[in-house]
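What shape does this take:
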Amino acid sequence: MTLREFFEKNNKVAIGFSGGVDSSYLLYVAKKYNADVKAYYVQTQFQPEFEFNDAIKFAKKIGIDLEIIVLDILKCEAIKSNSDKRCYYCKKKIFTCIKKRAMEEGYTTIIDGTNASDDISARPGFKALYELEIKSPLRECGLTKQDIRKFSKKEGLFTWDKAAYSCLATRIYTGNDITDDKLRKIEKSEKILFDLGFSDFRVRMYYDIVKLQFRENEFELFFSLRDKILYELSPFFDDILFDLRGR
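Residues are numbered from 1 along each chain as shown. Next up is the predicted model:
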């Protein structure tokens, strides 16, 4: 099946939209093939501000109606406690909200940006998508992340080379409670590192200790900026560790 064929068969769809590479391309193609499509962005404490801004910018640029659903995700104890099933509970909560709102507005087919490169066996969130009967056209059509970047670049989408960015909750080690304070410290720290020129890294938190993970090609930049990084991040964490293994 091709995406054209998918949208000819499913020409009225609602998309769970994050503003990332995959869902942006999917949204663009849905419009390109004349589907009646509406995008829903669920705003929680787990998304950094720049992701939210990118989602708004992209939807506006291609002329798609974007509805923002504000959700206090930490009210759910199963998510806040951060067990190894957190992703399942989170995905279930988010897409339940999207599905409820979309169906109220007449959209019975809900889609997401899961692609053929995603290892669904390693991501419990996909179980929630299956249970809620969410369709994944990119995966159904065999499109990999590499394919999506290539096609996005060809179509002139600014998201084509956007770095993969998992939600902020993934920065907190399993078993450590997730709090607003921890999430904001991580978001501020990652913004500092982005502003210093780093592009592919993670700030991972274990209680009040943080571990910085960079690609090996950015090790030299880290050591050249070590003192500044320590100065900027020290107010947030008791100890700052550097992962020599790299990302």
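
quick one: the residue most central in space within the chain from Phe46, how far?
Centroid-nearest residue in the chain, with Cα atoms, centre = their mean: Ser166, separated by 4.7 Å. Computed as Cβ to Cβ, to the nearest Å, the Ser166 to Phe46 distance reads 9 Å. Using the backbone N, CA and C atoms, a C-beta is placed for each residue, glycine as well.

same thing with Phe151?
28 Å.

So between those two, which is more surrounded?
Neighbour count, other Cβ atoms under 10 Å: between Phe151 and Phe46, Phe46 has more, with 22 against 16.

Let me know the pLDDT of the residue nearest to the more buried one when sequence neighbours are not counted.
The shortest distance from Phe46 to any non-neighbouring residue, by Cβ to Cβ, 6 or more residues apart in numbering, is to Cys167 (4.1 Å). Here the pLDDT value assigned to Cys167 is 92.

count of residues packed around the closest residue to Glu49 other than its chain neighbours?
Leaving out its chain neighbours, the residue that sits closest to Glu49 by Cβ to Cβ, 6+ apart is Glu187, at 7.4 Å. The burial count assigned to Glu187 is 19, neighbours taken as other Cβ under 10 Å.

got the contact list for the nearest residue to Asp161 once chain neighbours are set aside?
Nearest non-adjacent residue to Asp161, counting by Cβ to Cβ, 6+ apart: Arg149, 6.8 Å away. Residues near Arg149 by Cβ atoms under 8 Å, 6 or more residues apart in numbering: Val21, Trp160, Asp161.

Taking those, please make a ChimeraX selection of just the buried ones.
In ChimeraX syntax, the buried subset of the contacts of Arg149 is picked out as below (16 or more other Cβ atoms under 10 Å):
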select :21,160
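
Using TSV, lay out the contacts of Arg149 together with secondary structure, pLDDT and distance to Glu104.
Conversion of the contacts of Arg149 to TSV gives the following (DSSP: H, G, I helix; E, B strand; the rest coil; pLDDT from 0 to 100; distance: Cβ to Cβ, whole Å):
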residue	secondary structure	pLDDT	distance to Glu104
Val21	helix	96	29
Trp160	coil	95	34
Asp161	coil	92	36
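
Relative to Ile120, which of the contacts of Arg149 is nearest.
Val21 (17.8 Å; Cβ to Cβ).

okay, now Lys99: neighbour count?
Neighbour tally, Lys99, other Cβ under 10 Å: 19.

where does the protein have its least confident helix or strand?
Every helix and strand of the chain was ranked by mean pLDDT, DSSP states H and E. The lowest is helix 125-131, at a mean of 91.

Show me what that one is packed up against.
Secondary-structure packing of helix 125-131 (3 or more Cβ pairs under 8 Å, 6 or more residues apart in numbering; DSSP states H and E): helix 86-104.

Tell me which other helices or strands the first helix or strand past the helix it packs on going along the chain touches.
Later in the chain than helix 86-104, the nearest helix or strand by DSSP states H and E is strand 109-111. Other helices and strands packing on strand 109-111, by 3+ Cβ pairs under 8 Å, 6+ apart, are strand 12-16, helix 86-104.

deepest of those, which one?
Stretch with highest mean neighbour count among these: strand 12-16 (a mean of 23; mean count of other Cβ atoms under 10 Å).

Now stretch 131-149: buried residues?
For stretch 131-149, by 16+ other Cβ under 10 Å, it's 132, 134-141, 143, 147-149.

Show me which of those is closest to Asp177.
The nearest member of the buried residues of stretch 131-149 to Asp177, counting by Cβ to Cβ, is Leu132 at 26.4 Å.

show me what contacts that closest one?
Contacts for Leu132 (Cβ under 8 Å, 6+ apart) come out as Lys92, Phe95, Thr96, Lys99, Ile110.
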